[in-house]
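# The sequence isn't on hand, but the structure is:
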Ligand code: UT7
């Protein structure tokens with residue numbers, strides 16, 4: 001059904017290490033490394049917004065795909081930190097890339113955005129109305145983090161990844177998928193002020209912290225550890241595969257301990273998992289496509305491989321699929 005023609009990624013130049021963070025908040029390299037597996041992350045420069053990261057990743061994906069911006073028929077950007085509340089990020093990416101006046105829209109499912117964008121692109125291509133799609137996952141969480149909150153600011157980094165997919169009847173494409181959301185726990189990951197409920201024009205009714213990203217890490221961790229290993233196991237079964245048939249697994253890089261738990265559940269060695277959390281931290285929507293691109297460019301993921309990708313995060317939401325590369 002689809003072929004992945006190319007991938008690309010972009011990480012801002014500035015590196016922030018755990019030691020750098022220890023100078024800002026009450027934390028340590030030891031705590032962050034042990035609890036998350038993160039050693040460093042990238043931070044966008046003052047003149048870089050999410051669309052800039054997305055464009056750089058997309059240019060690389062287009063180059064690998066051997067396509068020009070004018071060849072692209074559809075753009076979907078997964079992000080929860082678009083340049084503006086309005087307009088969406090995708091039309092800005094479209095114009096900056098120099099694409100035609102093609103449809104371009106965002107999907108915001110927080111850290112699950114790329115998975116949702118990928119499935120949406122796949123579904124749209126399956127209708128037959130479009131032949132190809134540029135799918136991007138891009139976020140600039142450094143702009144929404146509360147740099148006084150050690151519970152959250154040590155976890156995230158900025159970055160973008162992209163993939164170009166094309167309709168191809170000779171390929172199987174998606175072998176299985178599981179998507180879900182549980183809105184009763186929506187407040188576990190949030191920015192309370194700035195939306196339609198609390199627009200934030202009246203500073204007397206909100207606290208400084210409420211303007212920034214908040215996460216109840218422990219509760220989110222419990223949800224993740226309960227749901228994601230099970231999703232991984234069900235994806236394999238749904239595809240009529242055994243876990244050994246899956247060549248590579250790319251999980252949202254939220255915490256190395258979550259990757260270990262999925263490896264245990266599937267009884268697979270950790271070297272089947274693409275891991276870059278140590279270098280990039282949690283890049284939210286960028287997480288899966290950046291890891292995929294690194295694995296493609298290092299020669300790990302090859303044509304014909306079965307690759308399982310699972311995203312999870314705010315909403316709460318989760319979404320995974322197995323795709324034949
Ligand atoms: O991307 C969306 C999906 N996100 C996730 O899946 C994230 C899931 N959650 C996690 O990965 C983990 O919960 C965290 C990495 C966020 C936190 O790890 P934890 O093992 O759950 O720690 P905790 O929040 O239970 O905190 C344990 C202790 C607390 O101190 P007390 O109360 O035990 O004295 C915290 O105050 O660690 C303290 N703490 C820190 N200490 C040093 C919290 N953050 C830090 C810090 N440095 N940065």
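Yep, that arrived. Just so it is clear, the model here is predicted, and its values are computed rather than measured. Numbering: from 1, shown residues only.
# Neighbours of the residue in the stretch 1-150 of the chain that the ligand sits nearest to, how many?
Among all residues of the stretch 1-150 of the chain, residue 27 sits closest to the ligand, at 3.3 Å; criterion: CB to the nearest ligand atom. From N, CA and C alone the C-beta is placed, and that goes for glycine too. Neighbour count for residue 27, taken as other CB atoms under 10 Å: 18.
# Any part of the top helix by length along the chain near the ligand?
Ranked by residue count, the top helix of the chain under DSSP state H comes out as helix 217-238. Yes. Residues of helix 217-238 contacting the ligand under CB under 6 Å from any ligand atom: 217-218, 220-221, 224.
# Residue 260 looks like it's in a helix, true?
Yes. Under DSSP: H, G, I helix; E, B strand; the rest coil, residue 260 falls within a helix.
# any idea how far the ligand is from it?
Residue 260 sits 12 Å away from the ligand, going by CB to the nearest ligand atom, to the nearest Å.
# these two touch, right, that residue and residue 269?
No. Look at residue 260 against residue 269 with CB atoms under 8 Å: they stay out of range, at 11.2 Å.
# of the two, who's got more company?
Higher neighbour count among residue 260 and residue 269: residue 260, with 14 against 8, using other CB under 10 Å.
# Contacts only, for the more buried one.
Taking CB atoms under 8 Å, 6 or more residues apart in numbering as the criterion, residue 260 is in contact with residue 270.
# how close does it sit to residue 34?
As judged by CB to CB, to the nearest Å, residue 260 and residue 34 stand 13 Å apart.
# Tell me, how many residues neighbour residue 305?
Neighbour tally, residue 305, other CB under 10 Å: 15.
# hang on, isn't it packed against residue 250?
No. Residue 305 is beyond contact range of residue 250, at 11.2 Å (criterion: CB under 8 Å).
# Excluding sequence neighbours, find me the nearest residue to the residue in the stretch 151-300 of the chain positioned nearest to the ligand.
Nearest residue of the stretch 151-300 of the chain to the ligand, counting by CB to the nearest ligand atom: residue 217, 2.8 Å away. Among residues not flanking residue 217 along the chain, residue 151 sits closest, at 5.7 Å (CB to CB, 6 or more residues apart in numbering).
# Domains in this protein, by residue range?
2-167, 174-324 (automatic domain parsing).
# Of the residues of helix 217-238 next to the ligand, keep whichever come out buried.
Neighbour counting with 16 or more other CB atoms under 10 Å marks 217, 220-221, 224 as buried within the residues of helix 217-238 next to the ligand.
# Using a markdown table, lay out these together with pLDDT.
Output for these, formatted as a markdown table (pLDDT from 0 to 100):
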| residue | pLDDT |
| --- | --- |
| 217 | 97 |
| 220 | 97 |
| 221 | 96 |
| 224 | 96 |
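# Please tabulate the residues you listed in CSV, including the columns distance to residue 314.
Shown next, in CSV, are these (distance: CB to CB, whole Å):
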residue, distance to residue 314
217, 12
220, 9
221, 14
224, 12
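# Among the residues you listed, which one lies nearest to residue 185?
residue 220 (8.4 Å; CB to CB).
# what's the nearest residue to the closest one once chain neighbours are set aside in contact with, if anything?
Leaving aside its chain neighbours, residue 220 sits nearest to residue 188 (5.4 Å; criterion: CB to CB, 6+ apart). The contact partners of residue 188, by CB under 8 Å, 6+ apart, come to 215-216, 219-220, 223, 314, 316.
# out of those, what pair is the most spread apart?
Every pair of the contacts of residue 188 checked by CB to CB; the farthest is 219 and 314, at 12.3 Å.
# you'd agree the residue of the stretch 1-150 of the chain closest to the ligand is up against residue 152?
No. Taking contacts as CB under 8 Å, residue 27 lies outside contact range of residue 152: 11.2 Å.
# so what's the backbone phi/psi at residue 45?
phi -70, psi 170 (degrees, to the nearest 10).
# Ok, residue 194 next?
According to degrees, to the nearest 10, residue 194 has phi 120, psi -10.
# what does the one 3 residues further on give?
Main-chain dihedrals, residue 197, degrees, to the nearest 10: phi -80, psi -50.
# count of neighbours near it?
8.
# what does the one 5 residues further on give?
Residue 202 is surrounded by 9 other residues when neighbours are defined as other CB under 10 Å.
# helices or strands next to the helix or strand hosting residue 31 in the packing?
Using DSSP states H and E, residue 31 sits in helix 29-36. Helix 29-36 sits against helix 18-22, helix 256-266, with contacts defined as 3 or more CB pairs under 8 Å, 6 or more residues apart in numbering; DSSP states H and E.
# Save those helices as CSV, and put in mean pLDDT and distance to residue 56 too.
As requested, the helices and strands packed on helix 29-36 are exported to CSV (pLDDT from 0 to 100; distance: least, CB to CB, whole Å):
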stretch, mean pLDDT, distance to residue 56
helix 18-22, 98, 23
helix 256-266, 93, 27
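# of all those, which lies closest to residue 79?
Evaluated with CB to CB, the helices and strands packed on helix 29-36 place helix 256-266 nearest to residue 79, the distance being 21.9 Å.
# If anything else comes up later, I'll come back, but that's it for now.
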